[in-house]
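Asks: just a sequence and a predicted model for now, questions to come.
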Amino acid sequence: MELSNKDLLAIRDLSPEEILLILDTAESMKEISTRDIKKVPTLRGKTVINLFYEPSTRTRTSFEIAGKRLSADVVNISTSTSSTTKGETLKDTGRNLQAMNPDLIVIRHSCAGAPKILADTLPASIINAGDGAHEHPTQALLDAFTIREKKKTLSGIKVAIIGDITHSRVARSNIFLLQKMGADIRVSGPHTMVPPFIEELGVSFMPDMEEAIHDVDVIMMLRIQLERQQHGLFPSIREYSRFFGLNLEKLKKAKSDVLIMHPGPINRGVEIAPEVADGPYSIILDQVTSGVAVRMALLYLLIGKGNRESN
Ligand code: CP
């Protein structure tokens, strides 16, 4: 089986079978990162460009490591030192990069739809590494990989996503993915940070966080996306933390085998207490480890032998 598109722009475009293909391929890829020599020749001769218009630690680094572990040539472009600062448009940047014949471009951008503009313009494969408040598909895939690794299935598991749902591309991609795979999802957060018609996506809204977390298998905490908010949506950090922060007291109400997740970066003491982030239920760093395996799988499936045109 192969992925049907040349690009990965959104979880919405993937079938459940394609999601399983990516997760199963990532399982094989994960083993490579445990070897003494963490490198295989799979993508030798291929070129991957990381084009990040927004800051990133985990996503950019793991794409670079993923490409290098598969022997691709990886080029990182920081837009703060590129000709974007001289007024070059996204399409022109894309056309100029394409003229150097890359096989794949990973793009993060503050505007929803920016990766699609490149995908529609360029023959190279495009991976969306987060576009505005739209989607962050590789985050949802690595989250699903991590949950499946711990719980052995995605079907039927109960997941609570807590926090700034409206501005979170991670929440959107996770809702789409987990629903496709048969999970039961509820969200909780201040009314000002939850879209009014969220239940039309098939998830339930529980304004009381303690009620939302009491019987779930997974609690996914989100950072407040201040960079995407136009004006204050809650009275104070202290109040937000009191009602929607996860601390040891609230955790006592959750199941004894609950998993605590967070896409990072975490704001300690705001949405998650340090004792919870660093505690025994937290799989936050496992998520980061999964990110390399999942991104290796995607590079392989899009531009390696997993791809129709390469065979
Ligand atoms: N989770 C995530 O996208 O982290 P970065 O912003 O550090 O890439």
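Replies: Looks like it arrived, so ask away. Residues are numbered from 1 along each chain as shown.
Asks: can you point out the buried residues in stretch 75-93?
Replies: Residues of stretch 75-93 classed as buried: 75, 77, 79, 84, 90, 93 (neighbour count, 16 or more other C-beta atoms under 10 Å). From N, CA and C alone the C-beta is placed, and that goes for glycine too.
Asks: distance of residue 216 from the ligand?
Replies: 21 Å (C-beta to the nearest ligand atom, to the nearest Å).
Asks: got the contact list for that residue?
Replies: 158, 159, 160, 186, 254, 255, 258 (C-beta atoms under 8 Å, 6 or more residues apart in numbering).
Asks: what's the spacing between the fifth one and residue 213?
Replies: With distances taken as C-beta to C-beta, to the nearest Å, residue 254 is found 5 Å from residue 213.
Asks: follow-up on the earlier one: okay if I get the buried residues of stretch 75-93 as JSON lines plus distance to residue 274 and pLDDT?
Replies: Listed next are the buried residues of stretch 75-93 as JSON lines, based on distance: C-beta to C-beta, whole Å; pLDDT from 0 to 100:
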{"residue": "75", "distance to residue 274": "37", "pLDDT": "97"}
{"residue": "77", "distance to residue 274": "35", "pLDDT": "94"}
{"residue": "79", "distance to residue 274": "33", "pLDDT": "84"}
{"residue": "84", "distance to residue 274": "37", "pLDDT": "83"}
{"residue": "90", "distance to residue 274": "39", "pLDDT": "95"}
{"residue": "93", "distance to residue 274": "40", "pLDDT": "96"}
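Asks: could you identify the most distant pair in those residues?
Replies: For the buried residues of stretch 75-93, the farthest-apart pair by C-beta to C-beta is 75 and 90; their separation is 17.3 Å.
Asks: show the average pLDDT along stretch 293-300.
Replies: The average pLDDT for stretch 293-300 rounds to 98.
Asks: by neighbours, which of the contacts of residue 216 wins?
Replies: Counting neighbours by other C-beta atoms under 10 Å, residue 160 leads the contacts of residue 216 with 27 neighbours.
Asks: once you drop chain neighbours, what's closest to residue 269?
Replies: Distances taken as C-beta to C-beta, 6 or more residues apart in numbering place residue 241 nearest to residue 269, at 6.8 Å, with adjacent residues excluded.
Asks: let me redo that: residue 204
Replies: residue 186 is the one closest to residue 204 (C-beta to C-beta, 6+ apart), at 4.4 Å.
Asks: quick check: which element contains that neighbour?
Replies: For residue 186, the element it lies in under DSSP states H and E is strand 184-188.
Asks: now do that strand: everything it contacts.
Replies: The list of residues contacting strand 184-188 from outside it, by C-beta under 8 Å, 6+ apart, reads 156-162, 165, 171, 174-175, 178-179, 194, 198, 202-209, 211-213, 216, 244.
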